[in-house]
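Participant: the amino acid sequence is not available; the structure is as follows:
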């Protein structure tokens, strides 16, 4: 076996071993199922992007549609345990092992989907004991610091018992993502 093939074999083995270590449902509790409509604004590195958003999450995976103001799909993202696929309007497909790497490569900005599944329902992701949380008097999450991201939450006014946020403002370095939630349909994951 040539040296290049041996190195490639070791790399592939390490890659699969790394993927096996983070299989959802084994190490990380499942996020609640939901279906939401909203808007996303992304800025960083001198660039900005905004669109409407539909996001459907269930125990099997995620589907996101980024849409123009008139409802045309700009990008469709499907992600599950096997990886992520982004499809453009002209049917070009981009593939990666994670939605964050996929969106970084295809759109120019990283979407931390693995964590965002939890953050969007005002919960720290997985069992990360390094998360720093700040809550209000009602126990609602106001700010979360996890995996180098700072997430600030805004809830509907007037204050009520709602634990679901109206807006998330996320920052990591120069990267900024604002997610405004216009509508929720939420069900608990089995």
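Facilitator: Yes, it's here. Predicted model only: the values in this text are computed from it and were never measured.
Participant: C-alpha only now, for contacts and for neighbours.
Facilitator: Noted.
Participant: pretty sure residue 32 sits against residue 60.
Facilitator: No. The criterion here is Cα atoms under 8 Å, and residue 32 misses it with residue 60 at 11.4 Å.
Participant: give me the pLDDT value at the closest residue to residue 156 other than its chain neighbours.
Facilitator: For residue 156, ignoring the flanking residues on the chain, the nearest one in space by Cα to Cα, 6 or more residues apart in numbering is residue 166 at 5.7 Å. Looking at residue 166, its pLDDT reads 93.
Participant: residue 119 - nearest residue in space that isn't next to it in sequence?
Facilitator: Closest to residue 119 by Cα to Cα, 6+ apart is residue 125, at 6.6 Å.
Participant: beyond the lowest-mean-pLDDT helix or strand in the chain, next helix or strand please.
Facilitator: The helix or strand of the chain with the lowest confidence, counting by mean pLDDT, DSSP states H and E, is helix 3-21 at a mean of 31. Sequence order places strand 33-44 as the next helix or strand after helix 3-21, per DSSP states H and E.
Participant: average model confidence for that next one?
Facilitator: 93.
Participant: ok, residue 32 and residue 60, which is more surrounded?
Facilitator: Applying other Cα atoms under 10 Å to residue 32 and residue 60 shows that residue 32 carries more neighbours, namely 18 against 11.
Participant: ok so, going back, who's in contact with the residue nearest to residue 156?
Facilitator: 153, 154, 155, 156, 180, 181, 182 (Cα atoms under 8 Å, 6 or more residues apart in numbering).
Participant: weed out the non-buried ones from those.
Facilitator: 153, 154, 155, 180, 181 (16 or more other Cα atoms under 10 Å).
Participant: need the residues you listed in JSON lines with pLDDT, distance to residue 68 and secondary structure, can you?
Facilitator: Shown next, in JSON lines, are those (pLDDT from 0 to 100; distance: Cα to Cα, whole Å; DSSP: H, G, I helix; E, B strand; the rest coil):
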{"residue": "153", "pLDDT": "96", "distance to residue 68": "25", "secondary structure": "strand"}
{"residue": "154", "pLDDT": "94", "distance to residue 68": "24", "secondary structure": "strand"}
{"residue": "155", "pLDDT": "91", "distance to residue 68": "25", "secondary structure": "coil"}
{"residue": "180", "pLDDT": "96", "distance to residue 68": "15", "secondary structure": "strand"}
{"residue": "181", "pLDDT": "95", "distance to residue 68": "16", "secondary structure": "strand"}
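Participant: between those residues, which sits nearest residue 46?
Facilitator: Checking these against residue 46 by Cα to Cα gives residue 180 as the nearest, at 21.7 Å.
Participant: what pairs with that closest one across the strands?
Facilitator: residue 39, residue 167 (DSSP bridges).
Participant: shouldn't it be in contact with residue 156?
Facilitator: No. Applying Cα under 8 Å, one finds residue 180 not in contact with residue 156, separated by 11.1 Å.
Participant: right, I'll call it a day here.
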